[in-house]
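[1] model the following, please.
(3 chains)
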Amino acid sequence: MINHVLFYITAVLLVLTYTYAVIAGNPVYSALAMGGAFFLTSFLFVLLGAPFLAVVQVIIYVGAMLVMFLFIIMMFDLNRSSSAPVKYKPSTIFSYVLTMIILLVAFYMARGVVKMPEGFTVVGFGSAENVGFNLLRYYLLPFELASFILLVGVFGAITFIKKRDRV
Amino acid sequence: MVDYITVAIYTLMSVLVFVLILMTVAFLTLAERRVSAFMQDRLGPNRVGPWGLFQPVADGLKFIMKEDVTPLEANKVLYTVAPLLAIIPAMLTFAVVPFGHDLFLHGRVINLQIANFNVGILYIFAIASMGIFGIIIGGWASNNKYSLLGGLRSASQFISYEISMGLAVIGILMVYGSLKLNDIALYQGSLWFNAVPKWGVLVQPLGFIVFLVSVFAETNRVPFDLPEAESELVGGYHTEYSSMKFAFFFMGEYANMITASALIATLYFGGWQVPYLHNIGFIIPKLGIVHLQQWLVAIIEVLSFVVKVGFFLFFFLWVRWTLPRFRFDQLTALGWKVLIPLGILNIVITGALIMLRII
Amino acid sequence: MPEKSMTKKKYNFKEALYLIEILRGLGVTIKHFFVRKKFAINYPEETLHIVGNTQQTMKVMDKDAQKLIDRMEVTMNYRGKHALLVDGDLGRCVACKMCETVCPFFAIYIEPEESPDPRKERSPRIFEVDLTRCAYCGYCVEACPENAITMTSFYSLVARQRPELSIQKKELRTVIK
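    Have a look, this model is predicted:
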């Protein structure tokens, strides 16, 4: 019971924070709202009984990614770049309407298929042992490939910097 | 069925720990000044009360009475939120640090730890990574170029050193095979060759050095105090802050220091573990057993934890008044070119040693 | 602009490792932590002895601050409160107003009168040094043709009200043997 109440509160807050992250005029506010949303997502994991996932979510998204975002955003000249009010062109309005339609369809589809999480679904779901076991036993190739892609990304970043250096 | 007495005990314990941390923070500010004075052949504050012991009270009063200035062009909301973001995570991290093993009291087992969270170490990492936002946002919201530079430095420094810290901790996790801090402390009591306790510092000397250096960077302490760098950035991220808002940043830094010391002690120096001490007393292989009451054992364990944390707190001050500050390029070079490779090397070595069944 | 080239010092392995050097540094600080030399003085409880009240009695100066502090003495050339020297019972001052003239801060005020001493014409009726203005530069001492005004090493100059720091001839008189 209390799980359900907490889930709905978190879900509503999550949607609100993400919405705010999109519509906030100030990029720093957007980034912070996103941080709050990441945090709420991790709270959803806690409700599912997966503290490992919750904590990893916070470490990676809040602790690393968001810090990078803020790092970049802080270097903007906010007075020049962001104070322009959002213009409601026909295309913008169209995209909003489209989003609403997709959301409604998704909602009606989900009502039939997806059930509320009942707390502990599987014993040891999302525990450190389970995640590690699955990653390194059944999904070793995708896991290694993903890390390889990240490595390529690192090389890409270094090449960009080096090129600018030479000019 | 909720056991209300247990809930009450843990609530009381968390309040107690909270108050103790605040007290320690207060006296750390005094200790910092006294220790620095002694190391420089000075006397330090010794006027308020015996040996200046009431100086923190006077400082606290001063902080409360001071005018709270908000710069005109600052972002009011974030400017106010930032100090809170700095201090709350700093206070939260201590929740999973065990300061003793178990206490048997009237047929009840009490963990001497507020929350025996099963991903304890990662919890500390996660919450500590939130603490950085206070500094970054504070630096940005003050609308001051020095503050902004402090915030930027803090962000890049934090990201680089969190990686090496994580790599160092992976070595510990490999050896002890648990994410619970209490388990890690417990396993460090097991004996190596039936004689030497398996303390992290003995099993993971390289990892210890990497972790120690990274922790100094994470807590923004000298020699890595570039975010505040008095001589270059005036005060860094808290240049514009005054009154209690400044005090919150200050307390956050010191609370982080306490958690960092507790973490070093727990991961590498056995935490509450006293060598050869078990629940029934001292058991020394081939020599015999000294029986002790269980409550006495618990007290000895808590004391040992306090002594270890105290030593590392002193070590933080000691290093501060010994080393000069790093230059920024040296800082990033040390982080990325030295500590991260060393951390990876440590993992490889640890893995090899575990395969060879040496540790 | 001339190019300036600097050679970086090559570190040997021990220095490049940092750790040993850091430990050495830690050793230095902890040594000072436990074994301290005395430099600071707990002022109201401990006071420095004022040795010799005028520069007339100047002995060989001790330049070693540590030795002075060990003996709890003020250095001899400290410029503190002023003194008007008196030989026997007659003051040396002839109220020539040289010190008043040279004083950059107008801290000295002199009103002359006819001297009771037959050897000189004038002596000060009022000789006032305003210590709140004085910067203890010692120009008055340099200017004095009669070596009448000097500065003592008396350092504890405190008062509850400003007028108390404007000191008169009576307080300045210092008899020397």
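
[2] run through the residues of chain A sitting next to chain B.
    Taking C-beta under 8 Å from any C-beta of the partner chain, the part of chain A that reaches chain B is made up of A:28, A:32, A:35, A:42, A:51-52, A:55-56, A:58-59, A:62-64, A:66-68, A:70-71, A:74-75, A:127-128. Where you see a C-beta, it was placed from the backbone N, CA and C, and this is true even at glycine.

[3] tell me which entries of those residues lie within helices.
    A:28, A:32, A:35, A:42, A:51-52, A:55-56, A:67-68, A:70-71, A:128 (DSSP state H).

[4] chain center to the helix of greatest length in chain C: distance?
    The single longest helix within chain C, with elements called by DSSP H, is helix C:19-34. Between the centre of helix C:19-34 and the centre of its chain there are 36 Å (C-alpha atoms, centre = their mean, to the nearest Å).

[5] got the CA positions of that helix in PDB?
    Taking C-alpha atoms only, helix C:19-34 is exported to PDB below (Å, rounded to 0.1, in the frame of the first residue of the first chain):
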ATOM      1  CA  LEU C  19      56.000  10.200  -1.500                       C
ATOM      2  CA  ILE C  20      59.300  10.100   0.400                       C
ATOM      3  CA  GLU C  21      59.700  13.900   0.100                       C
ATOM      4  CA  ILE C  22      56.200  14.400   1.400                       C
ATOM      5  CA  LEU C  23      56.900  12.100   4.300                       C
ATOM      6  CA  ARG C  24      60.000  14.200   5.000                       C
ATOM      7  CA  GLY C  25      57.900  17.300   5.000                       C
ATOM      8  CA  LEU C  26      55.400  15.700   7.300                       C
ATOM      9  CA  GLY C  27      58.300  14.900   9.600                       C
ATOM     10  CA  VAL C  28      59.400  18.500   9.800                       C
ATOM     11  CA  THR C  29      55.900  19.800  10.700                       C
ATOM     12  CA  ILE C  30      55.300  17.100  13.300                       C
ATOM     13  CA  LYS C  31      58.700  17.900  14.900                       C
ATOM     14  CA  HIS C  32      57.600  21.500  15.200                       C
ATOM     15  CA  PHE C  33      54.200  20.400  16.500                       C
ATOM     16  CA  PHE C  34      55.800  18.600  19.500                       C
END
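
[6] who touches it?
    By C-beta atoms under 8 Å, 6 or more residues apart in numbering or on different chains, the surrounding residues in contact with helix C:19-34 are B:35, B:38-41, B:209, B:318-319, B:321-323, C:14-15.

[7] now which of the residues you listed would you call buried?
    Those of those that meet the buried threshold are B:35, B:38, B:39, B:40, B:209, B:318, B:319, B:321, B:322, B:323, by 16 or more other C-beta atoms under 10 Å in any protein chain shown.

[8] which one among the contacts of helix C:19-34 gets closest to residue B:175?
    Checking those against residue B:175 by C-beta to C-beta gives residue B:209 as the nearest, at 15.8 Å.

[9] any idea how far residue A:28 is from the residue of chain A at minimum distance from chain B?
    Closest residue of chain A to chain B, C-beta to the nearest C-beta: residue A:63 (2.7 Å). Taking C-beta to C-beta, to the nearest Å as the measure, residue A:63 falls 18 Å from residue A:28.

[10] of the two, who's got more company?
    residue A:63 (25 against 21; other C-beta atoms under 10 Å in any protein chain shown).

[11] ok, back up a step: test my guess that the residue of chain A closest to chain B contacts residue B:125.
    Yes. The pair residue A:63 / residue B:125 is scored as a contact, 7.1 Å apart, by C-beta atoms under 8 Å.

[12] that older thread, ChimeraX command to pick out the buried ones of the residues of chain A next to chain B?
    In ChimeraX syntax, the buried subset of the residues of chain A next to chain B is picked out as below (16+ other C-beta under 10 Å):
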select /A:28,32,35,42,51,52,55,56,58,59,62,63,66,67,70,71,74,127,128
